[in-house]
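In: just to be clear, the model below is a prediction. Sequence and coordinates:
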Amino acid sequence: MIVFAGLLGTVKGQQSLESSYRTTGSAVVAAFEAQRQVLQQSSAVILDGRKETGYGVVISADGYILTKASELPKSGGLAVTVNQTNYHEVKVLAEDLVWDVALLKIESHDLIPVDYAPTSDVLQGTWVVANGATSRTTRRLLAGIVSAKTREIPASGGAALGVILKVKSKVPQVEAVQQKSGAEEAGLQKDDVILSIDGKKIEKVTELNDALKDGKAGNLVHLLLRRKGEEVSVDVRLAARAELFTDQMDRNDQMSGDFSPRRSGFPRALQHDILGSRAVQGGPLLDLDGRCIGMNIARANRSESFAIPVEELKGLAERLMKQAKP
């Protein structure tokens, strides 16, 4: 027992909770062993060479896996581990930019897919389980609760192309292109002049902002540009403004540690308080019956993580598999 002495006399305080009974403690983890076994069999570890970069959801016995698209390795060292088997030949078959989800394929015929829960509409305070860090062969788990109502997560700061415009130019002319933005992917260049967006004529910077105000992160917009006297057409993926300009962090961001680069702009998300890093996103979120009620898609800050609800996840799985198969 802890005792404090002072002018008001002796005050007795209760001892802090024993470490084994905290959410990451051995007693709590042992209580969720059945759910850990589901993670062991039906979540995939996404690797860049030997480095763990995220997780995936096994959705079929013949090797189809969903994962977070923006966190996939770009170096060519993509590999996957399911249970204790390593797969070094991995195909990226399709992507959904709005949800930030990619469909992977490995050569296997005996995987155990997740069992989808009938609904993600659960009470706040409901226990949920997700992947924690993994050892070489064993999935570990983290537990938490559903902490808010399922809702849309708008693009933080609004949607953006990923360009910085020239301040003194009378027309929307590009001064610089943001790294890792849709504009960079589409090949926009310094001095490009934006003439229209989705067929809407753009003559002033304010008209550009108006054209993007209802945009969603991940959506494609069609741009007509003037480049060195010629007109050029490109499709640009929108991003959340706050996720492009990462130097503009508020105090909460500064205290949140390693949050996901893409953490907003989702049409609907289930929020929970599991304290996983950005490196444990992409895997299944399980209920106490070991059923998948969603797919973890972003660590937003120190107390909020987002998952794609099972209803949308099932639809994504069906659509991406249909898109990938001839």
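Out: Thanks, I have the structure now.
In: pop the domain breakdown of the protein in here.
Out: 23-152+265-324, 159-243 (automatic domain parsing).
In: and the first one, how far out from the chain's middle?
Out: Meaning domain 23-152+265-324. Its chain's C-alpha centre and that of domain 23-152+265-324 lie 10 Å apart, by Cα atoms, centre = their mean, to the nearest Å.
In: any buried residues in the longest helix anywhere in the chain, and which?
Out: If you go by DSSP state H, the chain has its longest helix at helix 310-324. Neighbour-count burial for helix 310-324 flags Val310, Glu311, Glu312, Leu313, Leu316, Ala317, Leu320, Met321 (criterion: 16 or more other Cβ atoms under 10 Å). Backbone N, C-alpha and C define where each C-beta goes, glycine included.
In: repeat for stretch 50-67
Out: Neighbour count says stretch 50-67 has Thr53, Gly54, Tyr55, Gly56, Val57, Val58, Ile59, Gly63, Tyr64, Ile65, Leu66, Thr67 buried, by 16+ other Cβ under 10 Å.
In: same check, this time on stretch 227-242
Out: Val232, Val234, Val236, Arg237, Leu238, Ala239, Ala240, Arg241, Ala242.
In: columns pLDDT on top of the buried residues of stretch 50-67, output as CSV?
Out: As requested, those are arranged in CSV below (pLDDT from 0 to 100):
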residue, pLDDT
Thr53, 91
Gly54, 93
Tyr55, 96
Gly56, 97
Val57, 98
Val58, 98
Ile59, 98
Gly63, 97
Tyr64, 98
Ile65, 98
Leu66, 98
Thr67, 98
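In: looking at the residues you listed, which are in strands?
Out: If you go by DSSP state E, those have Thr53, Gly54, Tyr55, Gly56, Val57, Val58, Tyr64, Ile65, Leu66, Thr67 in strands.
In: ok, the buried residues of helix 310-324 vs Ala79, which is closest?
Out: Leu320 (20.6 Å; Cβ to Cβ).
In: isn't that closest one up against Thr67?
Out: No. The pair Leu320 / Thr67 is not scored as a contact, 11.1 Å apart, by Cβ atoms under 8 Å.
In: need the residues touching each of these two.
Out: Val101 (Cβ atoms under 8 Å, 6 or more residues apart in numbering).
In: before we move on, the earlier item: from the ones in strands among the buried residues of stretch 50-67, which is closest to Tyr87?
Out: So of those, ranked by how close each gets to Tyr87 (Cβ to Cβ), first place is Ile65, at 9.6 Å.
In: distance of that closest one from Arg140?
Out: Counting by Cβ to Cβ, to the nearest Å, the gap from Ile65 to Arg140 is 19 Å.
In: for the stretch 101-250 of the chain, what spans make up the strands?
Out: Applying DSSP state E, counting those that start in this stretch to the stretch 101-250 of the chain gives strands spanning 101-105, 127-134, 139-145, 151-153, 159-160, 163-165, 174-177, 193-197, 200-201, 220-227, 230-237, 239-240.
In: most neighbours per residue, which of those strands?
Out: The highest mean neighbour count among the strands of the stretch 101-250 of the chain, using mean count of other Cβ atoms under 10 Å, belongs to strand 239-240: a mean of 28.
In: which strands or helices does that strand pack on?
Out: Judged by 3 or more Cβ pairs under 8 Å, 6 or more residues apart in numbering; DSSP states H and E, strand 239-240 is in contact with strand 159-160.
In: what's stretch 130-149 in contact with?
Out: 23-24, 28-29, 32, 35-36, 39-40, 43, 45, 52, 55, 84, 122-129, 270-276, 279-280, 283-286, 296, 303-305.
In: contact partners for Ala186?
Out: Neighbour list for Ala186: Leu223, Val234, Asp235, Val236, Arg237 [criterion: Cβ under 8 Å, 6+ apart].
In: could I get the pLDDT score of Glu107?
Out: Glu107 carries a pLDDT value of 96.
In: rewinding a little: from the buried residues of helix 310-324, pick the one nearest His109.
Out: Closest to His109 out of the buried residues of helix 310-324 is Met321 (15.8 Å), distances taken as Cβ to Cβ.
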